[in-house]
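> Here's my sequence, what's the structure:
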Amino acid sequence: MRRSWHNKLSIIFGTRRPGTWLVLCLISLLALIFVLSSSSSNSIEPVYHFPVSSIYSNHRRIKEQVAVDYLELVTSGAARQELGFCGKERENFVPCYNVSANLLAGFGAGEEFDRHCEFSSEGEKCLVRTPKDYNIPLRWPAGRDVIWSGNVKISKDQFLSSGSLTKRMMLLEENQIAFHSDDGLIFGGVKDYSRQLAEMIGLGSDTEFSQAGIRTILDIDCGFGSFGAHLATLNLMAICIAAYEATGSQVQLTLERGLPAVIGNFITRQLPYPLLSFDMVHCAQSGIMWDEKDGLFLIEVDRVLKPGGYFVLTSPTSKPMRSSSQVNLKKRIMLNPLEGLTQKLCWTLLAQQDETFIWQKTVDTKCYKSHKQDSIPLCKQGDAAQSYYKPLVPCISGTSSERWIPIQNRSGSRLSTAELEIHGNIAGVQPADFYQDMQFWRSAVSNFWSLLTPLIFSDHPKRPGDEDPLPPFNMILNVMDMSAKYGGLNHALLERRKSVWVMNVVPVQASHTLPLILDRGFAGILHDWCEPFPTYPRTYDMLHANGLLSHLGSERCSMKDLFLEMDRILRPEGWIILSDNKGAIEMARKLATQVHWEGRVIDLQEGSESLLLVCQKPFVKK
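Numbers count the residues shown, from 1 in each chain. Predicted structure coming up:
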């Protein structure tokens, strides 16, 4: 368990008065601030690009002003308007998912489990408190396999009575939960299961997934992330998506393990992803009835699946001890209702083994034109149509898209010139701007990482300027870029082999760049920041946003509501780094004090129209 940043600084600089810690911390963090705040402009609100060398020329001036600015922040009138904490009953509060309220509003037939932000109660504006037994997560990779039971909403009694759940988890010393990849979700172990899938596809090993064009996987009803945890060791990006659960949540546990996950289902609405998003859609041990509603659920899978991609379905039955005739009968019963639907979708049943079926989506659009009159019709909308919780559609999408490129034809992890031209047509992406953005992030991360390391990423805190160690473990793993643009920060961190992953959020009001981010093999999602984000409390270590605050000008958007939401999803001791114009940052500065964040404003270059706000959420238990 990590020490607080105050204790870390005590090791570096010796004992000092509490009022000076923020000064010392932020001087060391200056480089990170610069890196994460000065990315190329987002279509929401461009911000100024500071030259990489400006940090050195402005260092002395910033150091001289930091004490004055800190004193002004603490003594401002906003400090006397601090928001209180919510009651204990809201420790795991997730807005927009209230089944009782949805039923009262008239929803039924499964819609009550969907996301309904329009019926979310305003209620008291308060901060979601940290549970009494909460502990800072263990460092990666230990935190992937062992979590604190007090950090998730599952009691010991629920854990012990959960049946098959205990087969894949184990309680340690009353307060920890351990995950084992060889137990539980898939009979024979996750590693064996992954190798089985590779062989069914025609590969020699699961290490060849990327060679077959498989880089991004949507894992529906992912259990507790065991399959995604294994895929992470293969440098593949698996995003868990599962329905909201009041206790024992798949999404909450997966994120607590440091793996990508979001709350979501498609009972009546589309997932917040564009068409042709994923190389593989995986679903194991799920209760989804795929043949219901005339195959709408399968049609939604087809919408987000890329040409040549794979749909993997493992039935809920666990390790059957039956005769071969009984097994074959079950296979026929399961396959019959899906056979006609998958043929209409132009899927080919590639292989079936035990309880697992793998279909492959066609790469030939002519297949759809040769269908009979009772076939599924083709959709008319193009790439420009954003899928943000729109109703499920009974038609096949993407056949006329410029992004209809078989996954087997993609050129590794890099976007080709032809692909960039396609994204230019869809979202106005200019190749020169794209490469400039990528080069900027590459230089910034390379030049300033050593100043970040002493405070956050190093096992042995030290003074800035010493040789930067190679930190295999770090204190920040789950990172959210709230206005990600092209995913430049994500790319630079991966290129430098940093042990982090980034949830690249593309605001619905921004340019439609999420397809580009997903095509780069990154995790991403479409979101409206006037609404709560679909996750549980305390699931991200760092939040970064460039130009987002000044965009919240409509009547239904409140910066205070945004800060409350950011505080909800941020872990204790987590970091917030915001870049925007002076007016937005000044307002944000006052709100940061109201939500109890420790932060300050930095002007890296005199005369600039943009400012930086860097904060840390304290670890407060109520």
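
> Touching, Ile147 and Glu256? I think so.
Yes: contact between Ile147 and Glu256 holds when scored by Cβ atoms under 8 Å: they sit 4.8 Å apart. C-beta coordinates here come from the backbone N, C-alpha and C atoms, glycine included.

> what touches both of the two?
Common contact partners of Ile147 and Glu256 (Cβ atoms under 8 Å, 6 or more residues apart in numbering): Pro137.

> how far away is the residue nearest to Lys293 when sequence neighbours are not counted from Met480?
Spatial nearest neighbour of Lys293, excluding adjacent residues (Cβ to Cβ, 6 or more residues apart in numbering): Leu392 at 7.7 Å. Using Cβ to Cβ, to the nearest Å, we find Leu392 at a distance of 27 Å from Met480.

> Compare these two (neighbour count), which wins?
Met480 (24 against 16; other Cβ atoms under 10 Å).

> Verify the stated contact: that one with His544.
Yes: applying Cβ under 8 Å as the test, Met480 and His544 come out as touching, 7.1 Å apart.

> just for the stretch 301-450 of the chain, where's the confidence low?
316-335, 371-373, 382-385, 411-413, 444-450 (pLDDT under 70).

> show me where it has strands.
305-314, 347-353, 356-361 (DSSP state E, counting those that start in this stretch).

> for these, which one sits closest to Val620?
Among these, strand 305-314 comes nearest to Val620, with 43.0 Å by Cβ to Cβ.

> For the closest one, enumerate the helices and strands it packs against.
strand 278-284, strand 356-361 (3 or more Cβ pairs under 8 Å, 6 or more residues apart in numbering; DSSP states H and E).

> rerun at 10 Å
helix 190-201, strand 216-220, strand 278-284, helix 296-304, helix 324-344, strand 347-353, strand 356-361 (3 or more Cβ pairs under 10 Å, 6 or more residues apart in numbering; DSSP states H and E).

> Figure out the helix or strand that Met566 lives in.
Assessed by DSSP states H and E, Met566 sits inside helix 559-569.

> Can you name every helix or strand that that helix contacts?
Right, helix 559-569 is packed against strand 478-481, strand 540-546, strand 570-581, helix 582-594, strand 610-616 by 3+ Cβ pairs under 10 Å, 6+ apart.

> now the angle from it to strand 570-581?
140 degrees (axes from the mean of the first three to the mean of the last three Cα atoms, to 10 degrees).

> Okay, buried residues for helix 559-569 please.
Met559, Asp561, Leu562, Phe563, Leu564, Glu565, Met566, Asp567, Arg568, Ile569 (16 or more other Cβ atoms under 10 Å).

> I'd like these as a markdown table, with pLDDT and distance to Glu173 appended.
Shown next, in a markdown table, are the buried residues of helix 559-569 (pLDDT from 0 to 100; distance: Cβ to Cβ, whole Å):
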| residue | pLDDT | distance to Glu173 |
| --- | --- | --- |
| Met559 | 90 | 43 |
| Asp561 | 91 | 40 |
| Leu562 | 94 | 39 |
| Phe563 | 95 | 37 |
| Leu564 | 95 | 35 |
| Glu565 | 96 | 34 |
| Met566 | 97 | 33 |
| Asp567 | 97 | 31 |
| Arg568 | 97 | 29 |
| Ile569 | 97 | 28 |
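
> Quick one: these as TSV, columns for distance to Cys615 too.
Below are the buried residues of helix 559-569 laid out as TSV (distance: Cβ to Cβ, whole Å):
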residue	distance to Cys615
Met559	14
Asp561	17
Leu562	13
Phe563	10
Leu564	14
Glu565	15
Met566	9
Asp567	10
Arg568	15
Ile569	14
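
> Pick out the most distant pair among those residues.
Met559 and Ile569, at 15.9 Å, using Cβ to Cβ across those.

> before we move on, the earlier item: looking at the helices and strands packed on helix 559-569, which has the lowest confidence?
When these are ranked by mean pLDDT, strand 610-616 comes last with a mean of 82.

> so how far is it from its chain's centroid?
22 Å (Cα atoms, centre = their mean, to the nearest Å).

> Can I get that strand as CSV, trimmed to CA atoms?
The C-alpha atoms that make up strand 610-616 are tabulated as CSV, following Å, rounded to 0.1, in the frame of the first residue of the first chain:
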residue,chain,number,x,y,z
SER,A,610,-4.5,29.3,-21.2
LEU,A,611,-3.8,28.1,-17.7
LEU,A,612,-3.2,24.8,-16.0
LEU,A,613,-5.0,23.5,-12.9
VAL,A,614,-3.3,20.6,-11.1
CYS,A,615,-5.1,18.9,-8.1
GLN,A,616,-4.9,15.9,-5.9
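
> Which strands and helices lie in contact with it?
Strand 610-616 packs on helix 21-28, helix 30-37, strand 540-546, helix 559-569, strand 570-581, helix 582-594, strand 598-602, going by 3+ Cβ pairs under 10 Å, 6+ apart.

> Now with 8 Å, please.
helix 30-37, strand 570-581, helix 582-594, strand 598-602.

> name the helices or strands packed onto the shortest one?
Right, the one you point to is strand 598-602. Packed next to strand 598-602, using 3+ Cβ pairs under 8 Å, 6+ apart, are helix 21-28, helix 59-75, helix 582-594, strand 610-616.

> let's see it at 6 Å
helix 59-75, helix 582-594, strand 610-616 (3 or more Cβ pairs under 6 Å, 6 or more residues apart in numbering; DSSP states H and E).

> what's near enough to touch Val251?
Ala242, Ala261, Ile263 (Cβ atoms under 6 Å, 6 or more residues apart in numbering).

> Quick check: chain neighbours aside, which residue is closest to it?
Using Cβ to Cβ, 6+ apart, the closest residue to Val251 is Ala261 (4.5 Å).

> What of Val506?
Per Cβ to Cβ, 6+ apart, closest to Val506 is Leu514, 4.3 Å.

> Also Ser558?
Using Cβ to Cβ, 6+ apart, the nearest residue to Ser558 is Leu552, at 7.2 Å.

> Surely that neighbour touches Met559?
Yes: using Cβ atoms under 6 Å, Leu552 makes contact with Met559 at a distance of 5.5 Å.
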